[in-house]
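> Got a sequence here, can you build the structure:
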Amino acid sequence: MNFYGLIVAIATFLMIGLFHPLVIKGEYYFGVKIWWVFAIMGVLGCAASLFVENLTLSILFGVFGASSLWSIGEIFQQRKRVEKGWFPKRKKD
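The predicted model follows:
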């Protein structure tokens, strides 16, 4: 039996599930100005996937990098969702 596909599928599911609250909380506390953090994580994740010899780890770094880069667009979409009232807006002190 080959479990690599199942391992990658579960890890991908968990990573995507992790990025959802990261985008929401990131936008809530920092606004869209945190987009560059996702960009750096994305570039580093994609670059790491090129240099890791283990195929499973390479795939997981690639998924992490792609999820990070996808989150850049999602954080701007999150701002729109907040403006529509779908998510709470942080009150400025």
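
> Can you pull the poorly scored residue ranges out of this structure?
Scanning the chain with the threshold set as pLDDT under 70 gives 93.

> Which parts of it are helices?
Assigned by DSSP state H, the chain shows helices spanning 4-30, 35-51, 55-83.

> Can you lay out those as JSON lines showing mean neighbour count and distance to R90?
The C-beta positions use only the backbone N, C-alpha and C, and glycine is treated the same way. Formatted as JSON lines, these follow (neighbours: other Cβ atoms under 10 Å; distance: least, Cβ to Cβ, whole Å):
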{"stretch": "helix 4-30", "mean neighbour count": "14", "distance to R90": "5"}
{"stretch": "helix 35-51", "mean neighbour count": "15", "distance to R90": "17"}
{"stretch": "helix 55-83", "mean neighbour count": "17", "distance to R90": "9"}
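
> For the ones you listed, give me a markdown table that also has distance to K89.
A markdown table is the format used below for the helices of the chain (distance: least, Cβ to Cβ, whole Å):
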| stretch | distance to K89 |
| --- | --- |
| helix 4-30 | 8 |
| helix 35-51 | 18 |
| helix 55-83 | 5 |
